[in-house]
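Asks: Just the structure for this:
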Amino acid sequence: MKITYIVEDFSENGGVERIVTEKANTLATEYGHEVSVVSVYDDKRKELYHLDESIKMVHLGVPFADKHHGKLIKLISRTNTLMTAARRLNKTIKSLQPDIIFFTTTLGALLLPLCHTKARKIYESHLARPFTPYHRMFSIMERKADTVVCLTNGDALEYSNACRTLVIPNFIKKPAKRVEDYSVKRAIAVGRLEEQKGFLPLIDHWKEIALLHPDWHLDIYGDGSLRAMLQAEIERLGMQEHITLCGRSNNIMDVYPQYSLHIMPSLYEGQPMALIEAQSCGLPSVVFDFDFGASDIVRNGYNGIIVEQSHYTSLIKGITTMMDSEALRRQYGDNAIAGSHAYYKENVFGKWIQLLNPDR
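Replies: Here you go, the predicted structure:
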C-alpha cells in the first residue's frame, strides 16, 4: 500500500514530527508499505528525526505567510500561502499516487478539502480542536475526510459532523530504565518553552514551594521562544539555586529515571507525550486537569495528583504533598508504570493497521 503523510514543517522537530516519524518508519520497515512524507513549508533548520532510507521525503518549499504586517496583508498572504501549498501538493500527490493520505495539524485540515485525489483522506488531530488555530474552518474538512482520528475521547466529541471518528492515542516504546531511587529530591517538567505549557507561573510559584522544601530542585527540559524570559524570571526571583532550564534532551527517556517527581502545569494539550513517558518510567505526576488528556492518564490518588486547571494553590499543595513522602512517590510511581502499559506501541499500533485494512 502507498501511504503519504502531510506535515506542515518537518524541521519543527516537535511532537507531531516525532510521532509521524515513528509511524512512517514502522509502516515502512515492519509492514512493507511504500511510505512518503510531504513537508509543506520552506524551512532550512536541521531535521532531527530520522526517516528510514526507504521513505521518500518531499519538500514543497512553500514560503511562510506574512506575520508582521496589518490584518489585511496577513490575510492575503495566508490565503496565497494556502493556495500555493494546495497547487504544489496536488502536483506531488499526482506523482506519488498514494492509496491513503494522512493530513496533520491546522494546515493539513485546510489542505484536505483542496486535495484532488481518489486516495482515502484521514485527518489526524494532534491538538485538541478548541485550541487549534483556525479550527472554526474545519467544517469542510470534517465532511470531506473519510476518517478523523483523535488522541482522546474528549477531542473526538469536538468532531460531531465528521463522517467517522476514531480515538487512537499516541504510543511509546517500553522504557529501558525506571526510577529506582525515590529519595532523590529532584522534580522534572518537560515541554516546549511556550505559554501553553505554563512554565512561567510555575516558576513564579516555586518560591513558595522552596520555602517549604528548600532542598528540592526543579529542572525544566525543552526549548522555545520564552527561554530568555523564563531565565530572566528565575534570576529576578533569585531562584537560580532551585530551578534550572536544561534545554532540549535527545534522550529524555534516560533522563526521567534520575528524578522522583514529574510536574505538568499545561493550560491545554492534545495528548501529552511527556506525561505518558514520565509515567512509564515510574514518575508520579502532579498535573492540572487540562483539556484534553490529563484525566485519561492520571488518576488522582493512584498514579499522581490532578488538580483544577490554573488553581495554583492546589497545584502547590499537590507538589508539596508529594515532596513530603518518599513512600507516596514510590507507590504512585509503581502504579504509573502499570497504567502506562496501555500506551506501549505493541498495544496501540494495531489500531492503525486496522484503519489501513478495515476489511480484515
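
Asks: those strands in the chain, which residues are they?
Replies: 2-7, 34-41, 56-62, 100-104, 120-124, 147-150, 165-167, 186-190, 217-221, 243-247, 261-264, 285-288, 304-307 (DSSP state E).

Asks: any residues touching the longest one, and which ones?
Replies: Around strand 34-41, the neighbours that count as contacts under Cβ atoms under 8 Å, 6 or more residues apart in numbering are 1-11, 20, 24, 27-28, 51, 54-60, 62-64, 85, 88-89, 92, 96, 98, 107, 111. For glycine as for every other residue, the C-beta is placed from the backbone atoms N, C-alpha and C.

Asks: Direction included, what does it pair up with?
Replies: Under the criterion DSSP bridges, strand 34-41 sits next to strand 2-7 (parallel), strand 56-62 (parallel) in its sheet.

Asks: Quickly compare the ones you listed and say which is most buried.
Replies: Counting by mean count of other Cβ atoms under 10 Å, strand 2-7 has the highest mean neighbour count of the strands paired with strand 34-41, with a mean of 24.

Asks: Let's test this: mean pLDDT of it, rounded?
Replies: Averaged across strand 2-7, pLDDT comes to 98.

Asks: Stretch 246-254 now?
Replies: Per-residue scores along stretch 246-254 average to 93.

Asks: cool, and stretch 129-145?
Replies: Stretch 129-145 comes out at a mean pLDDT of 92.

Asks: on that earlier part again, now tabulate the strands paired with strand 34-41 in CSV and tack on distance to R330.
Replies: What follows is those, written out as CSV (distance: least, Cβ to Cβ, whole Å):
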stretch, distance to R330
strand 2-7, 40
strand 56-62, 45
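
Asks: what about those, which gets the closest to S310?
Replies: Smallest distance to S310 across the strands paired with strand 34-41 (Cβ to Cβ): 31.1 Å, for strand 2-7.

Asks: The closest one: how far from the chain's middle?
Replies: Strand 2-7 has its C-alpha centroid displaced from the chain centroid by 19 Å (Cα atoms, centre = their mean, to the nearest Å).

Asks: Could you do stretch 4-19 as well?
Replies: Distance, centroid of stretch 4-19 to centroid of chain: 11 Å (Cα atoms, centre = their mean).

Asks: end to end, how far does it reach?
Replies: Stretch 4-19 has its terminal residues 14 Å apart, counting by Cα to Cα, to the nearest Å.

Asks: For stretch 182-196, buried residues please.
Replies: Within stretch 182-196, the residues that count as buried by 16 or more other Cβ atoms under 10 Å are Y182, V184, A187, I188, A189, V190, G191, R192, L193, E194.

Asks: From start to finish, how long is that stretch in a straight line?
Replies: Note: stretch 182-196 ends 29 Å apart using Cα to Cα.

Asks: Over to stretch 208-222?
Replies: 23 Å.

Asks: Renumber starting at 58 from here on
Replies: Let's use 58 as the start, then, which means that last one is stretch 265-279.

Asks: Average pLDDT for it, rounded please.
Replies: Confidence for stretch 265-279, expressed as mean pLDDT, is 97.

Asks: neighbouring contacts of it?
Replies: 242-250, 254, 256, 259, 263, 287, 296, 298-306, 309, 312, 316, 320, 373, 376-377, 380.

Asks: Go ahead and confirm A233 touches D311.
Replies: Yes. A233 lies in contact with D311 (Cβ atoms under 8 Å); the separation is 7.4 Å.

Asks: Which one of these two is surrounded by more residues?
Replies: D311 (13 against 9; other Cβ atoms under 10 Å).
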